[in-house]
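> For reference, the sequence and a predicted model appear below.
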Amino acid sequence: MKTIVAAVCAAALAGCASPGPSPDAKSQLAPTGELRVAVLTSNPLIHRTTPVLGRELAARSGVPARLIDYGAVNKLMEDATKGAWDVAVVAIDPERRAIVDFAPAHLSAEGFLTVLVPPGSSARRMADIDQPGMRVAAVRGAATQMVLARTLKNATVLAAENEDAAFASMKEGKAQGYAQNRFILRARASTLPGSRLLEDSFAGLHLAFAVPKNRPEAARYVAQFVEKAKADGTVQRVIVDAGLKGEVNVGPVEQGGPYTGV
């Protein structure tokens, strides 16, 4: 009797399990035989969530995962064209679509990108810092830099090579502000008494898996994985386990049902 029950349960689980990738999708997703997951360690939102989701994607795809750490997003994006990694999580931005395909966003937060100003600054809102002669530091190649460059009308963006350098530019007076997400900026503000975040923001944050261009079947499979992970509670559990509840939300489900294209 136990054997029959076990067989029935196994069959039920198999019926509910997500199908693995097609042979073409699997060869595009993990051409080396393992899923190389690029992890941006300088962003705690990404660093705390991507390893778990990357390993889950690898497990559902039937391949081992290998994590590759990157300290700066500009180097990570440069390597997208060099075959150095298979998937990464970065902010969705139109300028990046020339080199990667994005799955639907799995993490999002409206009004999440803003500016940290130094002690003594009179700036309260973005309009106060978007003035002639003002400079806002942001990491070169980061979504904050690209969005700011399209948003600012009078101020300019001071590109830095990494987050430490961007913060230092503001702290040392080379820039009148430092742009990033609120989670990172609050941590930075705690190390510089008198500094504070602006009251408003210049953009929301939408983080998604990226797949290098010319891997359409892999990109489609990753997109389907993300939509299932959002629907079955996997992404929410990752947010909670990472201590990010209240900071970011599960990305909205794509309009029209499960994602079927790139």
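Okay, I see it.

> Check what contacts stretch 179-198 and list those residues.
With CB atoms under 8 Å, 6 or more residues apart in numbering as the test, stretch 179-198 has contacts from 43-45, 109, 112-121, 123-126, 128-129, 136-139, 142, 144-145, 148, 157, 163, 166-167, 171, 177-178, 201-202, 205, 244, 247. All C-beta atoms are positioned from the backbone trio N, CA, C, and that covers glycine.

> Let me see the ranges of the helices in the stretch 101-250 of the chain.
Per DSSP state H, counting those that start in this stretch, the stretch 101-250 of the chain carries helices over the ranges 126-129, 143-151, 163-171, 182-189, 216-231, 234-241.

> For residue 38, which of the ones you listed is the nearest?
helix 216-231 (13.1 Å; CB to CB).

> tell me the angle that closest one makes with helix 234-241.
60 degrees (axes from the mean of the first three to the mean of the last three CA atoms, to 10 degrees).

> So which of the contacts of stretch 179-198 are in strands?
109, 112-117, 136-139, 157, 177-178, 205 (DSSP state E).

> what about residue 133, distance to residue 156?
Distance of residue 133 to residue 156, computed by CB to CB, to the nearest Å: 9 Å.

> Ignore what I typed, I meant residue 223.
Distance of residue 223 to residue 156, given as CB to CB: 36 Å.

> Who has more neighbours out of the two?
Shown here are residue 223 and residue 156; by other CB atoms under 10 Å, residue 223 has more neighbours (23 against 15).

> List the strands paired with the helix or strand hosting residue 88, with their directions.
Using DSSP states H and E, the element containing residue 88 is strand 87-91. Within its sheet, strand 87-91 is paired with strand 35-40 (parallel), strand 203-212 (antiparallel), according to DSSP bridges.
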